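> I'll drop the sequence and a predicted model, then ask my questions.
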Amino acid sequence: MNIGKAISGAFVLQSSLGRTMAIFMLLLLTAVLIVSAWTLDRSWQRKLHDTESDAVNLSVSQARQAEDTFLQTEIVLRAMQREIPDDGPNSVDKSAINTILAEMKSSLPQLNGLFIYDAQGNWIAASASHVPGAMNNSDREYFIYHRQNRHGGVHIGHVIRSRTSGDLVIPVSLRLNDAAGGFTGVALATVRVDAFRRFYSYFELGDGDLLALLLDDGAALYVRPFPDAFINRSLSASPLFTIQLMRSDRGKGAWRSALDNKERIFGYARSGQYPLIVAAGFDKSELWTEWLHDSLPDLVLNGTLLLIIILIGALVLRQVRTNVENQIELTALRDELTTINQTLQAMALLDGLTGLANRRQFDIFLAQSLKQSALSGEPMALIMLDIDYFKLYNDSWGHVAGDNCLRRVGETLKNIPVRQTDLIARYGGEEFAIILPGATLEAAQRIAESAVEAVRAIAIPHPGTRPGTVTISAGGFALNASGEAQEAQQIKEGADRALYQAKHHGRNQAVMLPS
Ligand SMILES: Nc1nc2c(ncn2[C@@H]2O[C@H](COP(=O)(O)OP(=O)(O)OP(=O)(O)O)[C@@H](O)[C@H]2O)c(=O)[nH]1
C-alpha cells in the first residue's frame, strides 16, 4: 500500500482522467493568460493612441496661439514702420514717437518693449519711460540680419536678455528702408519669454511632460518645464528635425528627448506663417505608471481569476489523486483478501500433515459423487485403507516417527494410478480413503491392491508385522446410488466392513464386499 502511495502521484498523470484534467486546466490557464494579456495590451495601445492625439491637438493649438502672439507683434511693428519717414528714423520727433511706442506696448501684455534704431544701431526711440543714452545695438543678431537682408518680412531671433529690463525676450524685428530701399534702421519688438512661461503653466501637465516653442533652425525659445539654461539650446539633431519635420509639418511619434533623454510621446506642428514649431511631449514612464494605476482593478481581477483556476485545478487533481490512491489500495486489498481466501480454502479442505484431501473435503466429495452416480446411473466405489499395527509403530518409534510414517504413506497413495476424477483423502488418524466415481467393485479391487502393494514396496521398517515393514489393509465397497440420504453412511459402512475383514484375515491385503 505504501508503494501504491508512492507511485500514485505519477499514476495520476498517467491515468486518462488525471491527464485529461491536467491538459484541460493547462489549456484554460493559457486561454485566460492570453485573453488577459491581449486585453491589457489593447488598453495600453489605446492609451498610447489617445496620448498621441492629445499631443498633436496640444501642439497644433499652441502653434496657433504662438502665431497669434507674433501676428499681433507684427501688426505693431508694421504700425511703427509707418511712423518712420522715408529719410529714416533720425528725423522723427523723438518724444512723440516714444509716446506712440509706449501706447502700442501697453496694448499688448506679451511685449517687453518696442524700439527703433537708426542705420548705425543707435537708439532712436523706445517704449520704455527711461531710455539709456548713447546706446548702440548694432552688435545684435537681428540688426546685422536686417542690414544684410533686404526683404521686408518679420525676423524672429534667438532669445536675448533685454538691455533695458534684463528679462529674457524674443526679438521680433522689421527692416526700415528709405524710398530707394536703402537700409535706414530697425524696428524691434521684444516678446517676453515669461508670457509663454505663464501661458504654458495654465495647462495641467505632468512633471515629465514637455511643451516647447522652437525656431525652425532648432533653437529652443522656451521649453516647459526646463529651466532657462535650456533656452536657445539647439534641438536640430533631435528626431523632430532630422526625421519628423522632413516628412510633414504636423504629426506624432515617440522618441527620446534631446534635452533629457526621456522617452516621450510627441505631437508637433509647424506654423504656416512664422518660422516657429511647437512640440508637446508626454512622458512615457509617467503614462505607464498612470496606465498601471488605471488598470489595477483589471490586473487584480485577472490575477484573481488565474488564482481561482489554479486553485480549482489543484483541488480537482488532488481529488483525482485521492481516487487513484483509493483504487490502488482497494485493488491491493482485494488481492490480499483473494490470497487469504485461497489459503483459507486450501486449509479448510486439505490435511495439514499429508497434503491429501481432508475429512471435510472427503465428505463433500462423497456426497457429490453419490448425487452424480444417482443421476448418471453409474456405480461408484469407496476404498478405506488403514495402517496395520500403527499403535505398535508409535509405541516403538514414537509419535514423531509415526507422523513421518503417515506422511510417507500419504505420499505413496498420491502416486498410485487413479483417474483425475478420483479423490484420495486422509479420513482420520491412520485411516485413508479413496473415492472412485463411476468405478465398479472390480476396478476398486485393482486400485486397492495396487495401494497395498505400493505401501509394502516402500518398506518402512515396522517391528510388529510379519514382513517387518509397514503394511496397510484395504476394504472396498461399491453401489449404484439412487439419491437416498443414507447412502453415504451405507457406502462407508460397507467399505468399513470389508476393511474389518481384511484385518481379520491377516492384514496387508485388500478385501471387496459386494453391495
Ligand atoms: N503418530 C500418529 N499417530 C496417530 C495419528 N492418528 C492416530 N494415531 C495412532 O494410531 C493408532 C491406531 O491404533 P489402533 O486403532 O489401535 O489400531 P492399530 O494399532 O493400527 O491396529 P490395527 O488397526 O488393528 O492394525 C493409535 O495409537 C493412535 O494414537 C497421528 O496423526 N499420528
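On my side now, so go ahead.
> Return the distance of the residue in the stretch 251-400 of the chain positioned nearest to the ligand relative to residue 38.
As assessed by Cβ to the nearest ligand atom, the ligand sits closest to residue 391 within the stretch 251-400 of the chain, at 3.1 Å. Bear in mind the C-beta positions are built from the backbone N, C-alpha and C, glycine included. Applying Cβ to Cβ, to the nearest Å, the value for residue 391 to residue 38 is 99 Å.
> For the residue of the stretch 251-400 of the chain closest to the ligand, grab phi and psi.
phi -60, psi -40 (degrees, to the nearest 10).
> tell me the contacts of it?
Neighbouring residues of residue 391 by Cβ atoms under 8 Å, 6 or more residues apart in numbering: there are none.
> Which parts of the stretch 51-200 of the chain are strands?
111-118, 123-126, 155-156, 160-161, 168-177, 183-192 (DSSP state E, counting those that start in this stretch).
> Between these, which has the poorest mean confidence score?
For the strands of the stretch 51-200 of the chain, mean pLDDT drops lowest on strand 123-126, to a mean of 91.
> packing partners for it?
Secondary-structure packing of strand 123-126 (3 or more Cβ pairs under 8 Å, 6 or more residues apart in numbering; DSSP states H and E): helix 94-107, strand 111-118.
> and among those, the most buried is which?
strand 111-118 (a mean of 25; mean count of other Cβ atoms under 10 Å).
> Next, the angle strand 183-192 makes with it.
Here the directions of strand 111-118 and strand 183-192 differ by 170 degrees (axes from the mean of the first three to the mean of the last three Cα atoms, to 10 degrees).
> Tell me which strands strand 111-118 pairs with, and in which orientation.
Here strand 111-118 is paired, per DSSP bridges, with strand 123-126 (antiparallel), strand 183-192 (antiparallel).
> which other residues reach it?
73, 76, 80, 84, 88-90, 92, 97, 101, 104-105, 123-128, 137-138, 143, 162, 164-165, 167, 169, 176, 184-192.
> chain center to that strand: distance?
72 Å (Cα atoms, centre = their mean, to the nearest Å).
> Ok, which of the strands paired with strand 111-118 comes nearest the ligand?
strand 183-192 (132.4 Å).
> In contact with residue 491, which residues are there?
Applying Cβ under 8 Å, 6+ apart, the residues near residue 491 are 366, 370, 380, 382, 477, 479.
> And the buried ones among those, selectable in ChimeraX?
Those of those that count as buried under 16 or more other Cβ atoms under 10 Å are selected in ChimeraX with:
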select :366,370,380,382,477,479
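> export the contacts of residue 491 to a markdown table and tack on pLDDT, secondary structure and distance to residue 304?
Below are these laid out as a markdown table (pLDDT from 0 to 100; DSSP: H, G, I helix; E, B strand; the rest coil; distance: Cβ to Cβ, whole Å):
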| residue | pLDDT | secondary structure | distance to residue 304 |
| --- | --- | --- | --- |
| 366 | 96 | helix | 78 |
| 370 | 96 | helix | 79 |
| 380 | 96 | strand | 82 |
| 382 | 98 | strand | 84 |
| 477 | 97 | strand | 89 |
| 479 | 95 | strand | 88 |
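> Residue ranges of each domain in the chain, please.
1-343, 359-513 (automatic domain parsing).
> Find the nearest non-adjacent residue to the residue of the stretch 351-500 of the chain found nearest the ligand, please.
Going by Cβ to the nearest ligand atom, the ligand is nearest to residue 402 of the stretch 351-500 of the chain, at 2.5 Å. Excluding its sequence neighbours, the residue lying closest to residue 402 (Cβ to Cβ, 6 or more residues apart in numbering) is residue 394, at 4.1 Å.
> can you pull the pLDDT of the one you found?
96.
> ok, it to residue 514 distance?
Taking Cβ to Cβ, one finds residue 394 at 35 Å from residue 514.
> Please identify which of the two sits among more neighbours.
residue 394 (16 against 9; other Cβ atoms under 10 Å).
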